[in-house]
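Novice: kindly return the folded structure for what I paste below:
(3 chains)
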Amino acid sequence: MAQSVERSFTVAGSIDEALAARLQGAVVLAGGTWLLRDPLRGVELPEAVVAVHRIPSLSEVIVEADRIVIGAGVTHEALGKALRGIAGFEAVVCAAESAANPGIRRVATIGGNLCSIDFPAADLAPALLACGAAVELETTSGPKRIDIPSLLNDRPGLLDQSILTKILLRRDLIASAHIRLPLRKAGDYPVAIVSLALDQDRRCRIAVGSVEPVARRWTVLEQAFAAEPGGFPRVPERAEALASEHNDFDGRDGTEADGWYRRQVLPVLIKRGVAALLESEGLA
Amino acid sequence: MTVTFRLNGEDYRFRDDPMTPLIDILRQERFLTGTKAVCREGFCGACTVHVDGDAVPSCLKPVGLLEGCEVVTIEGLSAGNQVLHPLQAAFEAADAVQCGMCFPGMVMSLLAFMRDNPDASRDDIKAAMVGNICRCTGYERIVDTVADCLAQQRQTAKVAGGADV
Amino acid sequence: MSEASVTVMNLPRRDAQDKLRGRTKYTNDRARPDMLHAVLLRSTVPAGRIVRLDVSPALAWPGVRAVATGADAPGLYGIGIADHPLMAIDTIRYHGEPIAVVAAETEEQARAALAAIILEIEPLAPVLTMAEALEPGARLIHEDWRGYEVITEGGARAGNIAWEAKSSRGDVDAAFARSDVRIVESSFSVGRQSHVPFEPRVAIGSWEDGRAHIQTSTQVPWTVRNVTGRVMQLPPGRVRVTVPPVGGGFGLKFDASIEPITALLARMTGRPVMLENTRQEEMATCLCRENAEIRIRSAVTAEGEIVGREAVVLMDCGAYGGEQVFLTTMTAHTLGGNYRVGATRLVSRAVYTNTPPNGAFRACNGVYNTFALERHTDEICDFLGLDPMEFRKKNVLGDGDFGPTGQVFEDDVLAPMLDRMETLRAKTGTLERKADGRLYGMATTVGTWFVFTGPSAATVNLNADGSATLVTSGVEIGSGTMMQSLPQIVAGQLGLAPHQVIVREADTDAAGLDVGVGGGRTTVSIGAASVAACAEVKEKLLRAAGEMLQTRPEDLVLRDGRAEISGRPGSGATIPAVVAHAQATTGPITGSGAFTAKNTPAMAGCAMGHFIDALDIPVFVVHEAEVAVDPDTGHVEVLAYRVVQDVGRALNPRAIMGQIQGGVVQGLGYALHEEVTITTDGRIAQNDFETYRLPLAGDVVPVAADLYEGAPSLGPLGAKGAGEVPILAVGAAIACAVSRAIGKPVRQLPLTPPRVLGLLHDREPQPDFPHIASGWAANTLG
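Specialist: Residues are numbered from 1 along each chain as shown, chains lettered A, B, ... in the order given. I've put the predicted structure just below:
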């Protein structure tokens, strides 16, 4: 049993309270599914913890006419339920509904998924990247809004001084798709993930997760798509060929799969993603 | 720190490290060893309990998050010599159990699933079991039993609702 | 009434209710507040010399009650050769090897104290692969291997070769030199498989009246007893082992490992001590199914007659010999099984490496040798342009055929089983349509395994309430034998209902010797001992009844809880009345029975270094798989799986079906998902459920199975063990089906998506073993 009577454990009732604890060095505890694995890896649990589960706004999903606001403490399961059926957000729904396993999805939060620095296979990261999400951080000088790449690329620096509170999605998407490749049917972290989203201007954003240590946009492929007639390839095989041609990923070697494999499967995942886009409600 | 929550219908007060995973309290403090610690990181499902009705792994649940919650373990399903829940009875009748260590968690996961998904297909059942590993049985008999129980449940509901009468 | 009609039934399990309610107390559920908790200090290097080990700082730590090292229990144990210390003494041979142990009031205190132990190790360059271990001049992993006690004579040994077993029958050179044969050679390599029982290895030791008492999650209480005696240098009779319900074993718990440590600490502290592997420790030091390397060559005529065959099998035993020493024996019966072969010579060698020791796992070396043999068979068929099903029908072992050790097989079993598979397939249909554009393959494979006979003892006490108590050293590991087949057998013998048979949990103080639950032996060996015990009970019971009823015992039968006059149902007396009479006149009614191996002969001079020269009870399987392979990602989906299994006689058909489904799925894990790799610093890389991928519900299919009855068996009512063998030919069937689907030779397992994609793109290197000499004899110690 974990035992440290001196551990400081704050249950924050407000974002301000949580931020104050964070600034004093407390580690943010949301669902706890990532943090509680630390002791098994020989990493001690933090001395000071601030739990954010009692902050009501963090567990809300607000669907407005032009945007969706997701509290950082919303669980995967709640997120999937809230967005299911809203055209354009198929990628987020799929990521939320297929990550890990059902028990974890009931507990693990969107904020935790984005803030776990050592978790390259997070499903929501590429999905939100493709959907062009922004996040809001609470800082001492008030809320600060940044895009997802800025968050993903500077998490240690940013999250030292702030708390992730919201994820914001503009409702300018007509379709999106999330293609994940676990080694079993489900239940393991995908070795590669491709998310694609198409906005009203027929611009396609593409993001890749789990192939490199941090999820990122596939900008050279986005540009190649944009150069296609109509703004994106209407034939999945064409998309696959473009992906092969513009594959600029350097796959990470891991126990579950080598880098070459992660890189190798990207074009076919793109093909499947484009096929899914073409079949989605927004484009059908 | 003190955390108070309901455990199998009774108040329980815990005074110690709030980062203690729920499973350790269940097994080491309360001797509720029906909740099994197998992987301790959320993959196997053997430690599944209900927290406010949701089936969740107790290995990854810091007790500090449980203030005021209702926790039910496998032991809380039936006391003494009470009859088994129909799903448990069906597992027994189908000879589905082997070593048995995954079953308490399997039962807790599947009961919540059946409550929320009365019309689930066989594929839905399998998808719901992704976080419940069984090393002995090869799963199919468990899936069959759940499907049979759901069909039975629907039949009972129909009869009770008079639709078939 | 026939024996079968009162014994065969789909009896449900009596332990299911408690297991389903979470009430069953497995060993690791038995912690009590007054127990000490022990934690092991394990090596973090794969090879080295202990230069300094000072545990005194740990002893000063709060809550610590004892600290022990290898010096406190210096005896060596092993199978065949005693090479294994309980904890490392001077030399470190694998990453994770126990070096010291701390017992404290709490696990946290014990862990904290571990960090205070002063340990200095002078690292040595590790020998991590069999290729390195077999290099001329390779560092010896056991420098003083010559000095070890040899427990079983007969095996050849030298340096890093822990044990070598050979079989040789006929003139192989002449067969290969024939002008009318073509020669086909294949090389195969397989990784380890981790058992992952849900209950890890765990034991609770106490010291009671000058003796050790160990409660533990084991498959073989008598091995724990004997090993504990050995390492603690006590007469084994001073060790008592009892076994609560076991949360899965699959062979892992066939050997002793950490159990004696608890007895040692209990003696030192006078307190009960619990030691349980964490999941990470369990996986990092799992006594896995060994990795192996196989080269096989066959001389085959154009008509498809196998006139000669030779093979070399290298089995990695890891740092200590363990089960692999014994399992070298099995190559003759597995790689040398399945087919009628002219002249044969096979050698298998257990090779030491600086890696965690391996052990026994359901159908042990049979699983990979069957994979190798069946894929080799398909390569022969490809090469000669023969139909693989016809080739198998023509060549499978039949009545009067010889095995590699000269054993003579009885009856035609495999050939009719192949026919039954075709009937089963006709019934289920095939699922090529579900391949849906992916690459489709189907394959039918065969496998040969056995029932491990060996000693068992049983005592049956007939009670005055009409119940019977069966006392054996059998253990319920989950397969159901102690809950189903044994009470069924005893009830059938005594005219009782199975619920009237009380099955005693294993206790080495109460029951006689037993070589354990494994090798599909419990129903057969304990079953046969129980039948013998029942015969004595029956004889005493009928004698007492005859006296009571003034009837000759020969005219009485036991039926429905009564001793009846034959042919007159309801006559005579109830069993309780007869027992009461006996208790008052001659004393309580008990019977004891024993069973052991028949020791079926081999041909003189054919088997060298073997623990089992010939199989008392062969068991055969036919497995068929249909797969679809995604050519873009390498994912293999199993579309359908069919089994025809030789069960002798199915005592509980539904329970057997449960074993088949579970065993096949474990085999699918081995074939497709479960991968163990060794890092450059000698660790098992997959030490958790994230990286070690067990099959999940979505990855499996319902197995269609047909139970083949009637093949010869020594077992009670002709039964054979049915729980071990379902895993045997899964790797083979999947590999052959995938190979046909992708049109490339499959020579390695598991077939993970990266490996299959590598095969499709010709970037997966095929196994090549420079350390296996091209001439067969050069691979033997002569």
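Novice: so what touches the helix or strand bottoming out on mean pLDDT in chain C?
Specialist: Across the helices and strands of chain C, mean pLDDT, DSSP states H and E gives its lowest value to helix C:3-7, namely a mean of 91. The contact list for helix C:3-7, computed with Cβ atoms under 8 Å, 6 or more residues apart in numbering or on different chains, reads C:488, C:489, C:491, C:492, C:493, C:495, C:649, C:651, C:717. Using the backbone N, CA and C atoms, a C-beta is placed for each residue, glycine as well.
Novice: would you reformat those residues as TSV and include distance to residue C:764 and pLDDT?
Specialist: Shown next, in TSV, are these (distance: Cβ to Cβ, whole Å; pLDDT from 0 to 100):
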residue	distance to residue C:764	pLDDT
C:488	49	98
C:489	49	98
C:491	54	97
C:492	53	96
C:493	56	97
C:495	61	94
C:649	44	97
C:651	45	98
C:717	48	96
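Novice: quick revisit: with just CA atoms, put the helix or strand just after the least confident helix or strand of chain C into CSV.
Specialist: Once the chain leaves helix C:3-7, the next helix or strand it forms, by DSSP states H and E, is helix C:16-21. Taking C-alpha atoms only, helix C:16-21 is exported to CSV below (Å, rounded to 0.1, in the frame of the first residue of the first chain):
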residue,chain,number,x,y,z
ALA,C,16,-17.7,-22.4,-9.4
GLN,C,17,-20.1,-20.7,-7.0
ASP,C,18,-17.4,-19.6,-4.6
LYS,C,19,-15.2,-18.5,-7.4
LEU,C,20,-18.0,-16.5,-9.0
ARG,C,21,-18.8,-14.9,-5.6
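Novice: please pull up the helix or strand immediately following helix C:16-21.
Specialist: strand C:36-42.
Novice: which elements pack onto the following helix or strand past that next one?
Specialist: Beyond strand C:36-42 on the C-terminal side, the first helix or strand identified by DSSP H and E is strand C:48-54. In terms of contacts (3 or more Cβ pairs under 8 Å, 6 or more residues apart in numbering or on different chains; DSSP states H and E), strand C:48-54 is packed against strand C:91-92, strand C:98-104, strand C:118-123.
Novice: do the longest one and chain B meet?
Specialist: No. When contact is scored as Cβ under 8 Å from any Cβ of the partner chain, no part of strand C:98-104 falls within range of chain B; the minimum is 14.9 Å.
Novice: residue C:615: neighbouring residues, count only.
Specialist: Counted with other Cβ atoms under 10 Å in any protein chain shown, the neighbours of residue C:615 add up to 23.
Novice: which residues does it contact?
Specialist: Residue C:615 is in contact with C:333, C:403, C:407, C:450, C:600, counting by Cβ under 8 Å, 6+ apart.
Novice: so what pLDDT did it get?
Specialist: Note on residue C:615: pLDDT of 94.
Novice: and residue C:782, by the same measure?
Specialist: Looking at residue C:782, its pLDDT reads 79.
Novice: not counting sequence-adjacent ones, nearest residue to it?
Specialist: residue C:156 (7.7 Å; Cβ to Cβ, 6 or more residues apart in numbering or on different chains).
Novice: so what's the one you found bridging to?
Specialist: As for beta bridges, residue C:156 partners with residue C:164 under DSSP bridges.
Novice: same check, this time on residue C:193
Specialist: residue C:289.
Novice: closest to chain B among the contacts of residue C:615?
Specialist: Using Cβ to the nearest Cβ, residue C:450 comes nearest to chain B of these, at 22.4 Å.
Novice: who are the packing partners of the helix or strand hosting the closest one?
Specialist: For residue C:450, the enclosing helix or strand under DSSP H and E is strand C:439-451. Applying 3+ Cβ pairs under 8 Å, 6+ apart, one finds that strand C:439-451 contacts helix C:330-334, helix C:366-384, helix C:388-395, helix C:414-428, strand C:617-629, helix C:730-742.
Novice: for the helix or strand that the fifth one is followed by, which strands pair with it and how are they oriented?
Specialist: For strand C:617-629, the following helix or strand on the C-terminal side (DSSP H and E) is strand C:636-648. Here strand C:636-648 is paired, per DSSP bridges, with strand C:617-629 (antiparallel), strand C:703-709 (parallel).
Novice: any idea of the pLDDT on the residue of the stretch 501-650 of chain C found nearest chain B?
Specialist: Here the residue of the stretch 501-650 of chain C nearest chain B is residue C:641; by Cβ to the nearest Cβ that distance is 9.9 Å. Per-residue pLDDT puts residue C:641 at 98.
Novice: mind listing what it touches?
Specialist: C:623, C:624, C:625, C:626, C:664, C:668, C:701, C:703, C:704, C:733.
Novice: same thing with residue A:244?
Specialist: residue A:267.
Novice: that one: what secondary structure?
Specialist: Under the three-state scheme (DSSP: H, G, I helix; E, B strand; the rest coil), residue A:244 adopts helix.
Novice: residue of the stretch 101-250 of chain A nearest chain B, please.
Specialist: Counting by Cβ to the nearest Cβ, the stretch 101-250 of chain A gets nearest chain B through residue A:101, at 2.9 Å.
Novice: what is the burial count for that residue?
Specialist: Neighbour tally, residue A:101, other Cβ under 10 Å: 25.
Novice: quick one: pLDDT of the residue lying closest to it once chain neighbours are set aside?
Specialist: Distances taken as Cβ to Cβ, 6+ apart put residue B:131 closest to residue A:101, at 2.9 Å, once the chain neighbours are dropped. What the model reports as pLDDT for residue B:131 is 97.
Novice: thought residue B:131 was touching residue B:42?
Specialist: Yes. Using Cβ atoms under 8 Å, residue B:131 is in contact with residue B:42, at 7.2 Å.
Novice: any common contacting residues for the two?
Specialist: Contact criterion Cβ under 8 Å, 6+ apart; residues shared by residue B:131 and residue B:42: A:100, A:101, A:103, A:104, B:57.
Novice: ok, these vs chain C, which is closest?
Specialist: Using Cβ to the nearest Cβ, the shared contacts of residue B:131 and residue B:42 come closest to chain C at residue A:101, 8.6 Å.
Novice: picking up where we left off before, point out the most buried one among the strands paired with strand C:636-648.
Specialist: Among the strands paired with strand C:636-648, strand C:617-629 has the highest mean neighbour count (mean count of other Cβ atoms under 10 Å in any protein chain shown), at a mean of 28.
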